[in-house]
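Visitor: just coords:
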């Protein structure tokens with residue numbers, strides 16, 4: 001079935017699990033029909049498309065790179081194919097585009113111009129971590145990265161704990177993977193002993209996936225090595 005001209009937000013895998021175990025086959029059918037992609041990393045995007053379909057016409061596809069090095073003024077030009085009636089895809093480095101991802105910019109432009117936007121189904125590590133935590137899923141906040149500096153990080157952790165206690169909202173954030181163990185120690189040392197902490201790691205990976213929820217005090221005795229593994233951190237004080 002032919003697809004209509006639109007900006008398609010195409011989720012990608014967040015682990016090395018087989019693509020067909022985490023993404024609907026319909027997504028692959030849509031991606032096959034797109035010849036213009038806005039991507040965070042061209043090499044990663046090419047690899048993903050080939051994982052979806054070994055026969056994917058990579059050489060006949062145009063990729064526009066959108067990351068922290070991209071001039072925002074150039075992004076509007078990436079939508080020229082859509083303006084003339086051809087579908088355009090958006091892919092992030094991992095997970096759902098436009099969620100904690102620079103892909104939000106072309107979506108903003110498309111919405112402003114009245115161009116059709118179609119979000120597709122796929123894995124979001126943020127939502128999957130929330131699902132597995134046992135915390136409040138009706139009120140939550142994703143806070144991105146928190147400060148690296150020890151004093152600033154401690155201050156921010158206490159702020160998030162206070163917000164959760166006052167509002168009942170789950171507070172979600174991430175860390176650069178090689179600092180995960182340091183983050184867990186900071187949470188255990190900073191939070192009240194009974195504040196709940198959940199760490200979700202390697203989501204969708206059938207061999208390494210884990211999601212563990214414990215009071216902050218119990219994380220002091222954590223023996224698991226979380227470094228260099230993609231993780232999501234959640235705190236809750238309802």
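Guide: Arrived safely. Here the structure is a predicted model, which is why all the values come from computation and not from measurement. Numbers count the residues shown, from 1 in each chain.

Visitor: off-centre distance for the host helix or strand of residue 30?
Guide: Here residue 30, judged by DSSP states H and E, is contained in helix 25-32. Relative to its chain's centre, helix 25-32 lies at 20 Å (CA atoms, centre = their mean, to the nearest Å).

Visitor: going on from that helix, what's the next piece of helix or strand?
Guide: Once helix 25-32 ends, the next helix or strand along the chain (criterion: DSSP H and E) is strand 36-39.

Visitor: residues of the helix or strand just after that following strand that come out buried?
Guide: Downstream of strand 36-39, the first helix or strand assigned by DSSP H and E is helix 42-52. Going by neighbour count (16 or more other CB atoms under 10 Å), the buried part of helix 42-52 is 45, 46, 48, 49, 51, 52. (C-beta placed from N, C-alpha, C; glycine too.)

Visitor: of the residues you listed, which is the nearest to residue 200?
Guide: If you rank the buried residues of helix 42-52 by distance to residue 200 using CB to CB, residue 48 comes first, at 22.1 Å.

Visitor: who's in contact with the closest one?
Guide: Residue 48 makes contact with 12, 13, 19, 91, according to CB atoms under 8 Å, 6 or more residues apart in numbering.

Visitor: does residue 118 touch residue 7 like I think?
Guide: Yes - applying CB atoms under 8 Å, one finds residue 118 in contact with residue 7, separated by 7.0 Å.

Visitor: so between those two, which is more surrounded?
Guide: Set residue 118 next to residue 7 and count neighbours by other CB atoms under 10 Å: residue 7 wins out with 25 against 14.

Visitor: next, name the residue at the spatial heart of the chain.
Guide: For the chain, residue 95 is the residue whose C-alpha lies nearest the centre (CA atoms, centre = their mean; 4.6 Å).

Visitor: tell me how many other residues surround residue 26.
Guide: Neighbour count for residue 26, taken as other CB under 10 Å: 11.

Visitor: again, but for residue 221
Guide: Residue 221 has 8 neighbours, counted by other CB under 10 Å.

Visitor: what does the one 10 residues further on give?
Guide: Taking other CB under 10 Å as the criterion, the count of residues near residue 231 is 24.

Visitor: next: residue 113.
Guide: 11.

Visitor: roughly how far apart are it and residue 8?
Guide: According to CB to CB, to the nearest Å, residue 113 stands 16 Å off from residue 8.
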